[in-house]
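Visitor: I would like to see how this sequence folds:
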Amino acid sequence: MILSLNVSNFALIEDISIDFDEGLTVLTGETGTGKSIILESLQLIFAKRSDQEMIRHGMDKAVVTATFKLPQSKQNLFELPEIITITREIDKSGRHKIMLNDKNITLGYLKQITDAIGSIHNQDDTLILLDNNEYLNFIDQMDKKVTENLLNNYLLKRSNYLDAKKHLNSLINKKDQDISQKEFLTYQLNEIKSLNLVVDEKETLENEVEKLKHFDKISTNLREVHELLNNNLASEHLYSSAKLLESIKTFDDDFDKSKEKLFDLYYETEEVKSIISDKLFELDFDQNEFDLKQERIFEINKLEEKYNKTTNELILEQAHIEETLALIENYDEYINGYEIKVNKLYEEAYKEGLKLSEKRKKLAKKFSSLVIDELKDLALENTKFEVLFNEESKNLLENGIDEIEFLVSLNEGEPLKTLSKVASGGERARFTFAIKTIYAKQNNLDLLILDEIDIGISGKVAAMMANKMSQLSKDLQLIVISHLPQVAARANNHFGISKTLVNNRMVTQINKLNMEDRIKMIALMLSDESLSPYAIEQAKMLLKK
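Guide: Modelled structure (predicted):
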């Protein structure tokens, strides 16, 4: 349950504090006094997105704080203490804060907690009954945990199907485009293939041509090196010196180390001599080969410039074009194969949708029965109510495969008709109250907040709704914003909301009413304009019931 609410610098509210108790709490006041602002502040606590336009003019930030007492089950579920405090700060600079017991939390986590605590009904919710696209939510909320799990499984399969369907459509479109480009692609392929390109070929050719350009210099230097190494006795001297040191190595470790180094120098020198000899033997300049290599580089450069790609990239492009042309030749076969995959994914998604649908049909029967039971206490005792499923629908919709309609007969002998077309404003209000009551009970909520859910109701029905609210408040904490004197009279806690001019600015104020104040407030609700003795007596009578 909610224990307290503190609001500062929020719209017309400068600074108010409300302490709540168990049972039925009713907030009353004239239109425009700020009842909706109280509701807005509560909605912030219940994870509504913040709007800095709600900051009181001239202030830098608005702060809304609420304290709750959690039952043991909710404490265990979220690993929280019995008393928790939630704070929302709206800053003009955009630095909005959400805190739980002075620790920052995310909006998503706040929603998880507050969804488990309670629910808020605003005036627009009654209009949902006019939109059959919203009806499935009422059914799913009967067993949220199970239906959410089934819906998530369905949505995953549906996403796989939609991705595959999108790819299939792109393949079909690509087929038409590629077929129109077949002649051009064939020309490109023949042009690239005509060069028989090899990976890194251009770099290899350029290195070979560079060597041939400097053939004379390379040849001269190699011969000179060969002559110096073979005519100089340096290597033989290295070997002889190493052998001499080897004969005395036992007398000093340095002799042995020096011997090894001389042998290494000798063998390395011999290896260099061998390499130089091989290079001289291989050395040859062929003018025809030189011309052919330069011509080859020229052809490759020309193709690279034309396609704006390197040699290696052209090789990859050739493979891509070959693959595309092969696909064009076999498009129908490939697309037919992919269509089979898409159809399989559809069947998988539809199968998951059927599981969700079967669960919904069971919940719908229970929902219908509960709605009828609730309406009996609201002067709709002859109501017939059914949830109609469109069995012909095969579409994979965002919320499942189901399309449903609420059918109702409000008077005995009348046939079932769609709720949105036959229910009056007062009847929709009673339906909404019934649905909100069912939701609260089914989900073990501790708190239910209703904003003028009784619009369009009067007389005997108003008294019945007031009684129904009083009964409901024995099971959970019920906070109601109402214009009905019958509802105000049944309150365990009654707050009056008013608007006062302070320092040339309107300020919303809220006060807990004592018995005398309650009589005046309810009498005003019964009167047209002025407070009459008759209205006062009527108010007293309502409070005695």
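
Visitor: For burial, what's the neighbour tally of residue 194?
Guide: Using other Cβ atoms under 10 Å as the criterion, residue 194 is surrounded by 10 other residues. Bear in mind the C-beta positions are built from the backbone N, C-alpha and C, glycine included.

Visitor: who's in contact with residue 296?
Guide: Residues counted as contacts of residue 296 (Cβ atoms under 8 Å, 6 or more residues apart in numbering) are residue 205.

Visitor: The stretch 101-250 of the chain: helices as residue ranges?
Guide: Using DSSP state H, counting those that start in this stretch, the helices assigned to the stretch 101-250 of the chain run over residues 107-117, 135-140, 144-180, 182-193, 201-213, 215-231, 234-247.

Visitor: now the angle from the first one to helix 144-180?
Guide: By that I understand helix 107-117. Using axes from the mean of the first three to the mean of the last three Cα atoms, to 10 degrees, the inter-axis angle of helix 107-117 relative to helix 144-180 is 140 degrees.

Visitor: re the thing from before, could you export the helices of the stretch 101-250 of the chain as CSV, including distance to residue 523, mean pLDDT and mean neighbour count?
Guide: What follows is the helices of the stretch 101-250 of the chain, written out as CSV (distance: least, Cβ to Cβ, whole Å; pLDDT from 0 to 100; neighbours: other Cβ atoms under 10 Å):
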stretch, distance to residue 523, mean pLDDT, mean neighbour count
helix 107-117, 35, 94, 16
helix 135-140, 38, 92, 20
helix 144-180, 43, 90, 15
helix 182-193, 88, 89, 14
helix 201-213, 99, 81, 14
helix 215-231, 117, 76, 13
helix 234-247, 125, 77, 15
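
Visitor: Out of those, which gets nearest to residue 421?
Guide: Checking these against residue 421 by Cβ to Cβ gives helix 135-140 as the closest, at 13.9 Å.

Visitor: any low-confidence regions in the stretch 251-400 of the chain?
Guide: Filtered on pLDDT under 70, the stretch 251-400 of the chain yields the residue ranges 285.

Visitor: and with 50 instead?
Guide: For the stretch 251-400 of the chain, applying pLDDT under 50 flags no range at all.

Visitor: Quick one: the helices of the stretch 101-250 of the chain as CSV, columns for distance to residue 482 too.
Guide: Output for those, formatted as CSV (distance: least, Cβ to Cβ, whole Å):
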stretch, distance to residue 482
helix 107-117, 22
helix 135-140, 23
helix 144-180, 28
helix 182-193, 74
helix 201-213, 86
helix 215-231, 104
helix 234-247, 112
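
Visitor: so which of the ones you listed comes closest to residue 94?
Guide: Using Cβ to Cβ as the measure, helix 107-117 is the one of the helices of the stretch 101-250 of the chain that comes nearest residue 94, at 14.6 Å.

Visitor: Now do the closest one: everything it contacts.
Guide: If you take Cβ under 8 Å, 6+ apart as the criterion, helix 107-117 is touched by 2, 45-47, 49, 68, 70, 74, 77-78, 80, 84, 86, 98, 100, 445-447.

Visitor: and the residues you listed, which are buried?
Guide: 2, 45-47, 68, 70, 74, 78, 84, 86, 98, 100, 445-447 (16 or more other Cβ atoms under 10 Å).

Visitor: What about those, which are in strands?
Guide: Using DSSP state E, the members of the buried ones among the contacts of helix 107-117 that fall in strands are 2, 68, 84, 86, 98, 100, 447.

Visitor: Find the centremost residue of this structure, please.
Guide: residue 108 (10.6 Å; Cα atoms, centre = their mean).

Visitor: do you know how far that one is from residue 398?
Guide: Distance, residue 108 to residue 398, using Cβ to Cβ, to the nearest Å: 20 Å.

Visitor: same check, this time on residue 104
Guide: Counting by Cβ to Cβ, the separation of residue 104 from residue 398 is 33 Å.

Visitor: List the contacts of the residue nearest to residue 349 when sequence neighbours are not counted.
Guide: Take residue 349 and drop its neighbours on the chain: the residue closest to it by Cβ to Cβ, 6 or more residues apart in numbering is residue 157, 3.8 Å away. By Cβ under 8 Å, 6+ apart, residue 157 lies in contact with 345, 348-349, 351-352.

Visitor: Over to residue 263?
Guide: Counting by Cβ under 8 Å, 6+ apart, residue 263 touches 239, 242.

Visitor: any idea which helix or strand carries it?
Guide: Assigned by DSSP states H and E, residue 263 belongs to helix 253-282.

Visitor: For that helix, list every residue counted as buried.
Guide: 255, 258-259, 262-263, 265-266, 269, 276.

Visitor: got TSV for the contacts of residue 157, with neighbour count too?
Guide: Conversion of these to TSV gives the following (neighbours: other Cβ atoms under 10 Å):
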residue	neighbour count
345	19
348	16
349	22
351	13
352	22
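
Visitor: Quick check: of those residues, which lies closest to residue 231?
Guide: Set against residue 231, the nearest of the contacts of residue 157 by Cβ to Cβ is residue 345 (82.0 Å).

Visitor: Contacts only, for the nearest residue to the closest one once chain neighbours are set aside.
Guide: Using Cβ to Cβ, 6+ apart and skipping the chain neighbours, the partner closest in space to residue 345 is residue 161 (4.1 Å). With contacts taken as Cβ under 8 Å, 6+ apart, residue 161 has the following neighbours: 342, 345-346, 348-349, 396.

Visitor: from the residues you listed, which is closest to residue 534?
Guide: When these are compared for distance to residue 534 (Cβ to Cβ), residue 396 comes out closest, at 62.4 Å.

Visitor: Tell me, how many residues neighbour that closest one?
Guide: Applying other Cβ under 10 Å, I find that residue 396 has 20 neighbouring residues.

Visitor: so it touches residue 158, yeah?
Guide: Yes: at 5.0 Å, residue 396 counts as touching residue 158 under the criterion of Cβ atoms under 8 Å.
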